[in-house]
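Trainee: Just a sequence and a predicted model for now, questions to come.
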Amino acid sequence: DTAGRLAGTTGLAPFTVDPNFTNATTQSWNVNVQTEVLRNVAVMVGYFGSRGSQLRITRNLNQPTNGVRPFSSLSPSSPILPGTPLGNIMQIESSGRSSYRGLWASLRGRVADAFSITASYTLASSHDYNSLNNQGVVVQNSYDLPGDWGPSDYDVRHRAVATAVYQLPFKGTPLVEGWQIALIVQAQSGSPVNIVTSSSVLNGIANTVRPDVTGPLTTIGSVQRWFDTAPFVAANHFGNLHRNAVVGPRFDNTDLSVSKMTSLQRTRVELRVDVFNVFNHPNFGQPGNIVGSRNFGVITNTRFPTGELGSSRQIQCSARITL
């Protein structure tokens, strides 16, 4: 039939699940100390950790070795498309692993009747073989999963968040009473970038093999050249560069809210203006990560699509009436 002719021409790429596949397990632990440093102001410092095992990962069972696939074709006696060439054989299995360690410090309290603040800082490190179980094959070498142990795609080494709310002390008339200002400030270091080559010769999967690195990794910080691309060299073997070796742009954002609450007998009216990314600070996306491509090391987009919160300054006005 048509499907058989197509398969015979292009080869088969079977997809399977390891018969020994097991559910993932996660162990987590934490220890923290909390104390009141001022009246109504508490500080907490804690250590948090977790370990994931038997995590889902996809591996290519038919990855070439010295240019030759272990399984070149179906058996001539196969009841399904006998003799058909075989390409990649994707297997979902539970061979993944992950580790997280983090130091977390926070402050929370009401400094005065009209002013409250919450702040936190996290110093963390997250590592794994691959970070999203629906990505398909992303490992460099399906015969060496530990070789892909490295920072998680979502690893953020430093993150700080602070929220402050101030009730303006104006009294007298309904016009001047009920004003509130709230501020949310976020700052975090960048996420990892995995540098790869476009070749699929070594493992049958394009954009997964990492290059050799011949010199120190240098971050330049320009959208036209986020990092020095010179040390990365594509080779005809699995490169010596470890996974997620480069760090992308940081993220900074400040949101401001001004609201006015007015009570008119049994009716409450709230008027509110929210300004997202009040300073219109540009938060850039990740640089191009494919060696030799036109956009290698170049940032061509912002972190969020235009129009989403965090992409650019946005002003939102709202009113709520409660009877």
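Mentor: Sure, I can see it. Residues are numbered from 1 along each chain as shown.
Trainee: Pairing-wise in the sheet, spell out the partners of the nearest residue to residue 244 once chain neighbours are set aside.
Mentor: Nearest non-adjacent residue to residue 244, counting by C-beta to C-beta, 6 or more residues apart in numbering: residue 192, 3.3 Å away. Yep, even glycine has a C-beta here, placed from its N, CA and C like the rest. As for beta bridges, residue 192 partners with residue 247 under DSSP bridges.
Trainee: My read is that residue 192 contacts residue 247, right?
Mentor: Yes: here residue 192 reaches residue 247: they are 6.0 Å apart, a contact under C-beta atoms under 8 Å.
Trainee: thinking again about what came up before, can you report how many residues neighbour the residue nearest to residue 244?
Mentor: 22 (other C-beta atoms under 10 Å).
Trainee: and residue 220, what does it touch?
Mentor: With contact set as C-beta atoms under 8 Å, 6 or more residues apart in numbering, residue 220 has these partners: 226-228.
Trainee: Out of those residues, which is nearest to residue 322?
Mentor: Of all those, residue 226 has the smallest distance to residue 322: 49.5 Å, by C-beta to C-beta.
Trainee: Select the helix or strand of this protein having the lowest average pLDDT value.
Mentor: helix 2-10 (a mean of 43; mean pLDDT, DSSP states H and E).
Trainee: which residues sit against the helix or strand just after that helix?
Mentor: Proceeding N to C from helix 2-10, the next assigned helix or strand is strand 15-17, under DSSP states H and E. Identification of contacts with strand 15-17 by C-beta under 8 Å, 6+ apart yields 61, 89-93.
Trainee: quick one: which of these is nearest residue 208?
Mentor: Closest to residue 208, out of all of the contacts of strand 15-17 and judged by C-beta to C-beta, is residue 90, at 12.7 Å.
Trainee: Following element in sequence after the top strand by length along the chain, please.
Mentor: If you go by DSSP state E, the chain has its longest strand at strand 90-112. Using DSSP H and E, the helix or strand that follows strand 90-112 in sequence is strand 115-128.
Trainee: Packing partners of that next one?
Mentor: Judged by 3 or more C-beta pairs under 8 Å, 6 or more residues apart in numbering; DSSP states H and E, strand 115-128 is in contact with strand 90-112, strand 150-151, strand 158-167.
Trainee: The last one - what's its average pLDDT?
Mentor: Over the span of strand 158-167, the pLDDT mean works out to 97.
Trainee: Just want the angle from it to strand 115-128.
Mentor: Strand 158-167 and strand 115-128 are oriented at 160 degrees to each other (axes from the mean of the first three to the mean of the last three C-alpha atoms, to 10 degrees).
Trainee: chain center to strand 158-167: distance?
Mentor: Between the centre of strand 158-167 and the centre of its chain there are 22 Å (C-alpha atoms, centre = their mean, to the nearest Å).
Trainee: what's the answer for the first one, then?
Mentor: For strand 90-112, the distance from its own C-alpha centre to the chain's C-alpha centre is 12 Å (C-alpha atoms, centre = their mean).
Trainee: List the buried residues for it?
Mentor: 90-98, 100, 102, 104, 106-109 (16 or more other C-beta atoms under 10 Å).
Trainee: what's the first-to-last distance across stretch 79-91?
Mentor: Terminal residues of stretch 79-91 are spaced 22 Å apart (C-alpha to C-alpha, to the nearest Å).
Trainee: Please shift the residue numbers so they start at 12 in all later answers.
Mentor: New numbering, starting at 12: the last item is stretch 90-102.
Trainee: Show me what counts as buried in that stretch.
Mentor: Buried, per 16+ other C-beta under 10 Å, within stretch 90-102: 92, 95-97, 99-102.
Trainee: Residues in contact with that stretch: which ones?
Mentor: 15, 18-19, 21-29, 69-74, 80, 82-87, 89, 147-148, 215-216.
Trainee: cool, and stretch 284-293?
Mentor: 263-270, 313, 320-329.
Trainee: rerun at 10 Å
Mentor: Residues outside stretch 284-293 that contact it (C-beta atoms under 10 Å, 6 or more residues apart in numbering): 193-196, 234, 260, 262-271, 294, 313-315, 319-329.
Trainee: among the residues you listed, which ones are buried?
Mentor: For the contacts of stretch 284-293, buried by 16+ other C-beta under 10 Å: 193, 195-196, 260, 262, 264-268, 270-271, 294, 313-315, 321-323, 325.
Trainee: Show me the residues you listed that map onto helices.
Mentor: Nothing among these maps onto helices, per DSSP state H.
Trainee: which of the residues in stretch 177-187 are buried?
Mentor: Quick answer for stretch 177-187 (16+ other C-beta under 10 Å): 177-178.
Trainee: Pull up the distance across it, start to finish.
Mentor: Termini of stretch 177-187 sit 15 Å apart (C-alpha to C-alpha).
Trainee: Return the distance of that stretch from the chain's centre.
Mentor: 43 Å.
Trainee: what does that stretch rub up against?
Mentor: 122-128, 188-194, 269, 271-275, 280.
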